[in-house]
Structures are given as C-alpha cells and as structure tokens.
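>>> test case, fold it:
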Amino acid sequence: MSDGRADGGFRIARVVAKLELGGAQLSLLRVARALAERGHPTRLFAGAATPTGLELARRHGIEVEVMGSEVDLQWRCDPVFAAWLEPRLAGADLVHAHMLGAWWAAARAVEADVPLIASEHNGYDWQGETPWLAMAAVAGRIDRFYAHGPGALEGALRAGVAAQRIRSGISPVAGMGSRPRPGLPSPRIVFTGRLSPDKGPDILIDAIAMMRAPPPVLVLGSGVLDDALRDQVRRAGLAGVVEFGGWVDDPGAWVAGAAVQAIPSRDEAFSQTAVLAMALGVPAIGTDVDGFPATLGEGRGNVVPPEDPAALAAALEGVLSGDLRTDLAAARVWARQFDTARVAGVYEQDYRNLLLAPAPDLAA
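Reported below is the predicted structural model:
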C-alpha cells in the first residue's frame, strides 16, 4: 500500500453509482475540489450519469469516466460494474465510494492493500428489498464507513461493518456568506433541492394551498416531479404564488433574506439545505425523519411530522407571523462547522490516517 506521492499528496479514486443533481453529489464534488487544491487529485468513476450531473462535475473541475449503465445502480449490487471498475481503480492510493451500489462494486474491485472508504447518506428500508447478504459479503473489506444518519449507521452495522470502522459522515455546505439576490420578493418561502418524492415538494404545494394568505414561494430544483408539480400548482390555483426557478448549484443568494426555508422531506439524514438556511439566518422547517431532527434540534429549527401538509402549513404560518420562533443565533454558530474548508480538512486527515495505518485483517 502506498502512503501517497513524494510531494505529500495522494491519489483519490471516487466511485458513484449514478452521477446526477443532488446534495450527496454536490458534497463529494465540493470535497474533491477542495482536496485537489491541497494537492490530492481525484478521478471520478460513475456507473451512470445524467447530462446535468456531468456538467455539475465539470463546473467543479472534475472529469468523469462513465460506464453507461442503463439501470439505476445506486441500490444494486452489480458484478458488471465491479469488473468495469477493477482496472480503473489501479494506481489509486485510496478509494472512496458513495452509496451502496458504488461501495459494493468497489469492494469487489479494489486491490487488497488499498484503503476503501464507503459513504451512505440514508437508510435502506425505503429502497425495497435490501441485498443484506451481498452487503455482508463485502463488509469486511471496508476500512472506513461514513454514516450520514441513524438509518445509514443501522444499515452498516446490520451488514456487518465493524463498529470501530464507522464514523459520522459530514457534508460541506457552500454559500454561507451569501447576500440576498436583488429583486426577489419579500417575504418569501423557499424550497431548494431535487424535485423527487423523497424531498417532498408535493407536500409543500399541498401545504401552501391550505394557507390563508401565502406569500410568494420560490422552488429551486429539478427532477422527476417537475412536470407533476407544475400541474399540481395549476390545479390548486397557485400559479401566481409558486415560481419554479430550476436547479441552482449554490442557492445561497436566493435563500438569504427569505422568511422561511421549507424542507418537507420523506427521507432526510442531515440536510445541507437546512444548514445553509441556518448559516444565513433563515428559519428552517423540516420533518421528523431519520437524522433530520438532530440537525434542527435545540431550537435551531422547527420539526413537523412527515406526510402532513396541514402541520407544515401551520408551521409556515407560525414562522411568518412570529408566533413560532427559532434560535437563529445558535443555528448560525452550529452551521459554521460545515464550512467546506473545514470538512475537507477532516476527510484529508482521516484519509492520511488510513494510508499510514497497518492493513486490517479481512473477513474470510
């Protein structure tokens, strides 16, 4: 096993099953760019990629090699992906694979003396039938497992990853110093993220329809629900209230100065969206799912039940009226720990520790 290049840098291979617009992808790209600036170059390999995902990577200075799978590999243990990765991972000092389909394949492909890091952002229960036996077969090969929430931690332990190899995952959040974008309505409600079922934008539209006098609502994002949400807005008579702004890599300028950030997720381990709002002094409303309440805990935000538009509507009206308060000062302080430079430093040090550590015994 190499402990890096002569100049002190190390070569990182990152693996994703699917490169698309999303918080997890933004997180790994931000860390990769920050580490490259510190002398640790990254090569990124993807089982599949959307055009917008590829463009997102290029904007972060990362070129991607794509296998071109026609199926979604994020939750699939695919031997073909593992075989494709094997020659491409040669020469890396360490490999960091993100999401189940990627870390399973990387575990099958990577050389025995190269540290393998896995990251998981969510639990597995909502993904359908979980391949526990396949996960258990490679669990002993994982040198570090970053669990970004309670569901991911529970899944790693159930799969057989050794507890001493598990760490709490952290995600970088960009835009903490953003200033409000001129010309935006005030007050306003904002939603930023993928327009997909797990993020619950449809729940937000239902909640807005229940409010007595909703202010303008700005929805920033793209995804499979885009057309359905626009239809939902028209049917609810909210075309003059809800505006769709498309995907924005760094939405801080749109969030800054907002009255409230709505995050009605059905599944959420952490929420970079909430942390950005906190850093910008914007009250955040989230849901009681997975690790999300810990992000919003101790008065840093407000939590409502998932799948409950009426509760969300009441919370939005409470924040707008001032009846529902948030400890914005505490939220700002807490959010600062997720600054990109700090997060990159945490990963850099752990990578270095893994490269210098004796190779662990592998499970039979």
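>>> which residues are in contact with stretch 221-239?
Identification of contacts with stretch 221-239 by Cβ atoms under 8 Å, 6 or more residues apart in numbering yields 21, 52, 191-197, 199, 201-202, 205-206, 208-209, 214, 217, 219, 241-242, 244, 246-247. (C-beta placed from N, C-alpha, C; glycine too.)
>>> now do that stretch: distance to the chain's middle.
Relative to its parent chain, stretch 221-239 has a centroid offset of 23 Å by Cα atoms, centre = their mean, to the nearest Å.
>>> what is the end-to-end distance of it?
17 Å (Cα to Cα, to the nearest Å).
>>> same question, stretch 61-79
29 Å.
>>> then stretch 280-300?
End to end - Cα to Cα - stretch 280-300 spans 12 Å.
>>> gap between residue 346 and residue 34?
Separation of residue 346 from residue 34 (Cβ to Cβ, to the nearest Å): 11 Å.
>>> between these two, which one's more packed in?
residue 34 (20 against 14; other Cβ atoms under 10 Å).
>>> right, and the more buried one touches residue 341 too?
Yes: using Cβ atoms under 8 Å, residue 34 makes contact with residue 341 at a distance of 6.4 Å.
>>> all helices in the stretch 1-150 of the chain, in order from the N-terminus.
With DSSP state H, counting those that start in this stretch, the ranges of helices along the stretch 1-150 of the chain come out as 23-37, 51-59, 79-89, 100-109, 132-139, 150-159.
>>> again, but for the stretch 151-300 of the chain
201-210, 226-235, 252-255, 272-279, 292-295.
>>> burial measure for the closest residue to residue 244 other than its chain neighbours, as a count.
Of all residues not flanking residue 244 in the chain, residue 219 sits nearest, at 5.1 Å (Cβ to Cβ, 6 or more residues apart in numbering). Using other Cβ under 10 Å, residue 219 has 24 other residues around it.
>>> ok, now which ones touch residue 219?
With contact taken as Cβ under 8 Å, 6+ apart, residue 219 is in contact with 190, 191, 195, 201, 204, 229, 242, 243, 244, 245.
>>> at 10 Å instead, please
Residue 219 makes contacts with 189-193, 195, 201, 204-205, 226, 229-230, 233, 242-246, 262, as judged by Cβ atoms under 10 Å, 6 or more residues apart in numbering.
>>> quick check: beta-bridge partners of it?
residue 191, residue 244 (DSSP bridges).
>>> from residue 343, how far off is it?
27 Å.
>>> circling back to that earlier point, quick one: closest of the helices of the stretch 151-300 of the chain to residue 329.
helix 272-279 (10.2 Å; Cβ to Cβ).
>>> can you spell out which helices and strands pack onto the closest one?
helix 23-37, strand 189-192, helix 252-255, strand 260-262, strand 284-287, helix 292-295, helix 328-335 (3 or more Cβ pairs under 10 Å, 6 or more residues apart in numbering; DSSP states H and E).
>>> and the ones you listed as TSV, adding distance to residue 77?
Formatted as TSV, the helices and strands packed on helix 272-279 follow (distance: least, Cβ to Cβ, whole Å):
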stretch	distance to residue 77
helix 23-37	19
strand 189-192	32
helix 252-255	37
strand 260-262	36
strand 284-287	30
helix 292-295	28
helix 328-335	36
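>>> the ones you listed: which one's closest to residue 130?
helix 23-37 (18.3 Å).
>>> name the helices or strands packed onto the closest one?
strand 12-19, strand 42-49, helix 51-59, strand 94-98, strand 116-120, helix 272-279, helix 340-356.
>>> contacts only, for residue 275.
Counting by Cβ under 10 Å, 6+ apart, residue 275 touches 171-173, 176, 284, 295-296, 300-301, 331, 334-338.
>>> how far away is it from residue 301?
Taken as Cβ to Cβ, the span from residue 275 to residue 301 is 10 Å.
>>> picking that back up, hmm, which of the contacts of residue 219 are the buried ones?
Taking 16 or more other Cβ atoms under 10 Å as the criterion, what is buried in the contacts of residue 219 is 189-193, 195, 201, 204-205, 226, 229-230, 233, 242-245, 262.
>>> list the contacts for residue 184?
By Cβ under 10 Å, 6+ apart, residue 184 lies in contact with 190, 216, 218, 243, 245, 253, 254, 255, 256, 257, 258.
>>> of the residues you listed, buried ones?
Using 16+ other Cβ under 10 Å, the buried ones in the contacts of residue 184 are 190, 216, 218, 243, 245, 253, 254, 255, 256, 257, 258.
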